[in-house]
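J.: my questions concern the predicted model and sequence given below.
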Amino acid sequence: MQELELLAPAGKWDVLEAVAEAGADAVYCGDKRFNMRMLKPGMNFTPEELQDVVAYLHQQGKKLYVTINNLYYDREISELRNYLSFIEQIGTDGIIVQDMAVVALVQQMGLSVPLHASVQMGIGNLAAVKFLEEHGFTRAILSKNLSLSEIASINRECRLSLEFFAHGDLCIAHTGQCYMSSYVSGASSNRGRCIKPCRWAYQLIGTAADPEEFSYHLAHHDQCIYPYLRELVQAGVQSFKIEGRMREAGYLATIISVYRRALDKIMDDPDAVPDAQGHQVLLEHRQRDFTLGNLLRRPGRESIGLDGSREPFFPTQARPLLRVKAEDYQPQTAVAPYQTRLRVKIGSLPQLQKLIGSGVKEVIIGIEKMRQEGPAWTKQQLKEAFNLAGQEDISLHLETPRIVTQDDLNPLEERLRALIEFPWQAVIANEYGALKLARGLGMTVQAGYGLNVTNYETGLWLLNQGVELITASLETDRDSLLVLANLGEKLELMVHGPLCGMITDYCLARSWSDDAEGDCVIHCMQPDYGLRDNYQQLFRIKTDWQCRNHIYFPYDLALFARLPEMAAAGIRRFRIDGQFYTPELLRDIIEIYQKAVADIAQGRWAEQDSYQELLELFPDGLTTRHL
């Protein structure tokens, strides 16, 4: 029987002692700067304390994994380099990583500390795990959104140690791909600052739910896989993580002791089932109610705490959202001339037809389409698209989905193989499995914004892996963006389009249908399907062909007024995501941006009328996403 690891959190010294005594094999924690739990000033450890933590755990034959699991901005890289050197010196047993900048620094510095891929990386398929193997990782912390069968499938063909989230606070969104907190407040969940918009009350409209009732439609129950520990061990999980670095000692010690007894029992007898008494202790000790997440099936309404009665207090609430105004335009009599270009994502052949003569020479077509936007591209439509593009000297690029789990992997590979016959300029990958697949098929690869590139080190690392072009993360702040601009022609910035803030496997429309367990009749196709907050701001929901719900920020992005600044910084490529717009609206948007690009190329900026025209095309409002 393989050794099983019980991994416990610790945010303070008394918690560390409690979880170690309760039976944890390893502890994960962070210092006060570089980790994902930064909201409570009294939590986390100083570097000096971390040195003592290592000594304390090693004396007991236990391990320490340090969380260096944020996305980082360029102003933090120098200090991060020093911190990594310190972490290696004190004998840490592993570091938990989200940002590939950390990997780049570890390689540059010749460090030997083991790398664990954070759950924030969204590792959900075998190809992504193989990518990690190629780059020196020793462990993958798998996506929380995987099923038992998917975990087993990954384990059969990988060499990495696999870790899985066993117990605690469970976000409703796919981890690493939730930007809603950032869009709402400028506080990034991928940097440990989430203000938890998923824990607010909303009205659900466009479904069978009462449209007037405010409920906690996104408030997921806590994860508890205790009854299925044996099955997870059989599926290949070696390390079981308990969530709760902000929790107190008594709460965590109880949970650790229950899981300790269960894992010991399974190691003694692989057919043993965790006892009901342990589960009862967990139930009595719970904060929220429990769910198995995606372990057996996609979550339904039974996994959501609709009434909010067990929702712990968190001091945030809905707020008026940032919208751009006509007065945000900054007139400039002269700017330095810069040659920039537009790339446009489309969703239909009529859109491409409308682009003819617009001056756009680079177009993106997505593999993934939303049900509300019609079926995926057919081969015949693609043939017509390539014929049209060829006549106009337009290059076509193929973009993969932001979410690819193990069940999605084979269909994605089959789709890519079927599309190789077309002369794509490149494939834009939004997670590492798709990147590896496309590269393995000999296709030119670019990095989409789903890869969360927020600093120059990560961008340079990806370019060194053969990636041709990088789209900056939609969470990159202004200062880091200006440093990223040193990538020059290799960097792209999304300047206009809908902002998907959250992707969840929970289908709100289906969960509120009269027959949620029966055949789906595509309830998501109802008009105005979405969540409305108490400021009457509508977060529209679109549904992909895997029935995942994509929840959009109420206002589309528009960085039009920032184009001269971005061009002056060195950014030469701007992207418009137009796949949801009518062909006519998309053509109008492109004409406005093309005029601005031409203006900048002539060293002038006199676009106040164009800016006003753009605002009038979107009477509901536009945003700059706190950039």
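T.: Nice, thanks for sending it over. Residues are numbered from 1 along each chain as shown.
J.: which residues in the stretch 201-350 of the chain form helices?
T.: For the stretch 201-350 of the chain, the helices defined by DSSP state H, counting those that start in this stretch occupy 229-235, 249-268, 276-284, 349-355.
J.: what's the answer for the stretch 51-200 of the chain, then?
T.: Across the stretch 51-200 of the chain, reading from the start of the chain, the helices by DSSP H, counting those that start in this stretch fall at 77-89, 100-109, 126-134, 148-155, 180-185.
J.: what's the answer for the stretch 451-600 of the chain, then?
T.: If you assign secondary structure with DSSP H, counting those that start in this stretch, the helices in the stretch 451-600 of the chain sit at 456-464, 478-484, 508-511, 563-569, 583-601.
J.: for the second one, packing partners?
T.: With contacts defined as 3 or more Cβ pairs under 8 Å, 6 or more residues apart in numbering; DSSP states H and E, helix 478-484 has these neighbours: helix 456-464, helix 563-569. Using the backbone N, CA and C atoms, a C-beta is placed for each residue, glycine as well.
J.: ok, which of those comes nearest Y506?
T.: Ranking these by proximity to Y506 (Cβ to Cβ) places helix 456-464 first, at 30.3 Å.
J.: same question for the closest one, mean pLDDT?
T.: With pLDDT averaged residue by residue, helix 456-464 scores 98.
J.: so that helix versus helix 77-89, what angle?
T.: 80 degrees (axes from the mean of the first three to the mean of the last three Cα atoms, to 10 degrees).
J.: show me where the protein dips below the pLDDT cut-off.
T.: Where the chain drops to pLDDT under 70, the residues are 1, 36-41, 333-334, 514-519, 521.
J.: count of residues packed around D393?
T.: Close neighbours of D393, defined as other Cβ atoms under 10 Å, add up to 7.
J.: I'd guessed it sits against V360; true?
T.: No. Taking Cβ atoms under 8 Å as the contact criterion, D393 and V360 are not neighbours in contact, 10.7 Å apart.
J.: before we move on, back to that, reformat the helices of the stretch 201-350 of the chain as a markdown table; add distance to L493.
T.: As requested, the helices of the stretch 201-350 of the chain are arranged in a markdown table below (distance: least, Cβ to Cβ, whole Å):
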| stretch | distance to L493 |
| --- | --- |
| helix 229-235 | 41 |
| helix 249-268 | 43 |
| helix 276-284 | 47 |
| helix 349-355 | 20 |
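J.: would you mind saying which of those lies nearest A24?
T.: By Cβ to Cβ (comparing all of the helices of the stretch 201-350 of the chain), the closest turns out to be helix 249-268, at 5.4 Å.
J.: how far off helix 276-284 does that closest one point, in degrees?
T.: Angular relation of helix 249-268 and helix 276-284 on a 0 to 180 degree scale: 160 degrees, by the same axes, to 10 degrees.
J.: check the offset of helix 249-268 from the chain's centre.
T.: Centre-to-centre, helix 249-268 and its host chain are 31 Å apart (Cα atoms, centre = their mean, to the nearest Å).
J.: now do that helix: which elements does it pack against?
T.: Helices and strands touching helix 249-268, by 3+ Cβ pairs under 8 Å, 6+ apart, are strand 5-9, helix 13-22, strand 161-168, helix 229-235, strand 239-242, helix 276-284.
J.: which outside residues touch the fourth one?
T.: Pointing back at helix 229-235 there. Contacts with helix 229-235, where a contact means Cβ atoms under 8 Å, 6 or more residues apart in numbering, come from 2, 4, 148-149, 151-152, 155, 164, 166, 225, 240, 259, 262-263, 266, 270-274, 295.
J.: and these, which are buried?
T.: Using 16 or more other Cβ atoms under 10 Å as the burial test, the contacts of helix 229-235 include 4, 148, 151-152, 155, 164, 166, 225, 240, 259, 262-263, 266, 272, 274, 295 as buried.
J.: which one of these is nearest A24?
T.: A24 has its nearest neighbour among the buried ones among the contacts of helix 229-235 in Y259, at 9.0 Å by Cβ to Cβ.
J.: I'd say that closest one and E5 touch.
T.: No. Between Y259 and E5 there is no contact under Cβ under 8 Å: 10.9 Å.
J.: shared neighbours, those two?
T.: Taking Cβ under 8 Å, 6+ apart as the contact rule, Y259 and E5 both touch F240.
J.: contacts only, for G433.
T.: Listed by Cβ under 8 Å, 6+ apart, the contact partners of G433 are G124, N125, L126, A127, A128, F131, V404, L409, L412.
J.: in these, find the pair that's most separated.
T.: Put simply, by Cβ to Cβ the two of the contacts of G433 set farthest apart are F131 and L412, 14.2 Å from each other.
J.: what about the two, which has more around it?
T.: Between F131 and L412, F131 has the larger neighbour count (other Cβ under 10 Å), namely 23 against 20.
J.: show the contacting residues for that one.
T.: The contact partners of F131, taken as Cβ under 8 Å, 6+ apart, are Y432, G433, L435, K436.
J.: how about a cut-off of 6 Å?
T.: Y432, K436 (Cβ atoms under 6 Å, 6 or more residues apart in numbering).
J.: all good on my end, thank you.
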